[in-house]
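In: Coordinates for the following, if possible.
(chains A and B)
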Amino acid sequence: AQTVTQSQPEMSVQEAETVTLSCTYDTSENNYYLFWYKQPPSRQMILVIRQEAYKQQNATENRFSVNFQKAAKSFSLKISDSQLGDTAMYFCAFMSYSGTYKYIFGTGTRLKVLA
Amino acid sequence: DTGVSQNPRHKITKRGQNVTFRCDPISEHNRLYWYRQTLGQGPEFLTYFQNEAQLEKSRLLSDRFSAERPKGSFSTLEIQRTEQGDSAMYLCASSPRQGQNSPLHFGNGTRLTVT
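Out: Numbers count the residues shown, from 1 in each chain, chains lettered A, B, ... in the order given. Here you go, the predicted model:
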């Protein structure tokens, strides 16, 4: 069974600084995708960034980038130039498309951006 | 794109009562997921539909939980004989079939409180 682990329950960062959120996963699959989702307080979950496992190049979306280490099964999220609006819960998620397209989520990291 | 709609937003019920939640996915999305989220935790997979077919159901679910998607459009999640441990946010999400890495689009959730 696949598992996703986020070992940092809470983190904080000063506005305009850079922060990295960690995620590791366990799978025997070769065909999968990885995602980071953001859940602001009392608001719905939205996609931040996604990574195809077969691609070696790390995904980037504006201020958000990932460090994908397939052999180590690590998928960290880097947020550059942190903004107050980045305050949220961040969830790492795994989806294998050789199975039933089920998404497995980690327990989340609560990020607080400080003014 | 009107987004994923969930009703009701909040439900308070007494232990032992039955409750039913509804999810209307984005119209062209054929995959529909139900997740349960407790405070400070990540979404926990409950079940998944592709069109009207329920392809997977979590072993964590007891027989008190049932979900349907009769015409491959909206879905309902019913909980029979509710228990206090059922109190949680119930999230619905959908994704299109085209594009294996299509992300999940989440609704705002239904918050269930069992007294």
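In: Just to check, residue A:114 is in contact with residue A:19?
Out: No: using C-beta atoms under 8 Å, residue A:114 makes no contact with residue A:19, being 10.8 Å away. In short, each C-beta sits where N, CA and C put it, glycine included.
In: Tell me which of the two has more neighbours.
Out: residue A:19 (19 against 11; other C-beta atoms under 10 Å in any protein chain shown).
In: give the contact list for residue B:115.
Out: Applying C-beta atoms under 8 Å, 6 or more residues apart in numbering or on different chains to residue B:115 gives the contacts B:12-15, B:84.
In: go with 10 Å
Out: Contact partners of residue B:115, counting by C-beta atoms under 10 Å, 6 or more residues apart in numbering or on different chains, are B:12-15, B:17, B:82, B:84, B:87.
In: Ok, residue B:93 next?
Out: Residue B:93 makes contact with A:37, A:44-45, A:103, B:4, B:6, B:23, B:25-26, B:29, B:31-35, B:43, B:48, B:103-107, B:109, according to C-beta under 10 Å, 6+ apart.
In: quick one on the thing from earlier: okay, the contacts of residue B:115 in a markdown table with distance to chain A and neighbour count next?
Out: Below are those laid out as a markdown table (distance: C-beta to the nearest C-beta, whole Å; neighbours: other C-beta atoms under 10 Å in any protein chain shown):
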| residue | distance to chain A | neighbour count |
| --- | --- | --- |
| B:12 | 18 | 12 |
| B:13 | 21 | 16 |
| B:14 | 25 | 8 |
| B:15 | 26 | 13 |
| B:17 | 26 | 13 |
| B:82 | 23 | 21 |
| B:84 | 22 | 9 |
| B:87 | 17 | 17 |
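In: Closest one to residue A:51 out of those, please.
Out: Among these, residue B:87 lies closest to residue A:51 (C-beta to C-beta), at 34.3 Å.
In: shouldn't the closest one be in contact with residue B:110?
Out: No: Residue B:87 is beyond contact range of residue B:110, at 11.6 Å (criterion: C-beta atoms under 10 Å).
In: pLDDT below threshold where in chain A?
Out: Low-confidence segments of chain A, defined by pLDDT under 70: A:99.
In: Okay, and the beta partners of residue 34?
Out: The chain I'm using is chain A. residue A:51, residue A:94 (DSSP bridges).
In: Can you look at chain B instead?
Out: As for beta bridges, residue B:34 partners with residue B:47, residue B:92 under DSSP bridges.
In: what's the pLDDT at it?
Out: pLDDT for residue B:34: 96.
In: count of residues packed around it?
Out: Residues lying near residue B:34 (other C-beta under 10 Å) number 26.
In: for it, what are its contacts?
Out: Counting by C-beta under 10 Å, 6+ apart, residue B:34 touches B:21, B:23, B:43-49, B:57-58, B:61, B:65, B:67, B:69, B:75-77, B:90-93.
In: Give me the nearest residue to the residue nearest the centre of chain A, chain neighbours excluded.
Out: The centre of chain A sits closest to residue A:36, judged by C-alpha atoms, centre = their mean, with a distance of 3.2 Å. Nearest residue to residue A:36, sequence neighbours excluded (C-beta to C-beta, 6 or more residues apart in numbering or on different chains): residue A:48, at 4.3 Å.
In: All the strands of the chain, residue numbers only.
Out: Going with chain A. A:3-5, A:10-14, A:19-21, A:24-26, A:32-39, A:46-52, A:60-61, A:64-69, A:74-79, A:88-96, A:103-105, A:109-114 (DSSP state E).
In: nope, chain B
Out: Using DSSP E, strands in chain B cover B:5-7, B:10-13, B:19-24, B:31-37, B:44-50, B:53-57, B:65-68, B:75-79, B:88-95, B:105-106, B:110-114.
In: Lovely, talk soon.
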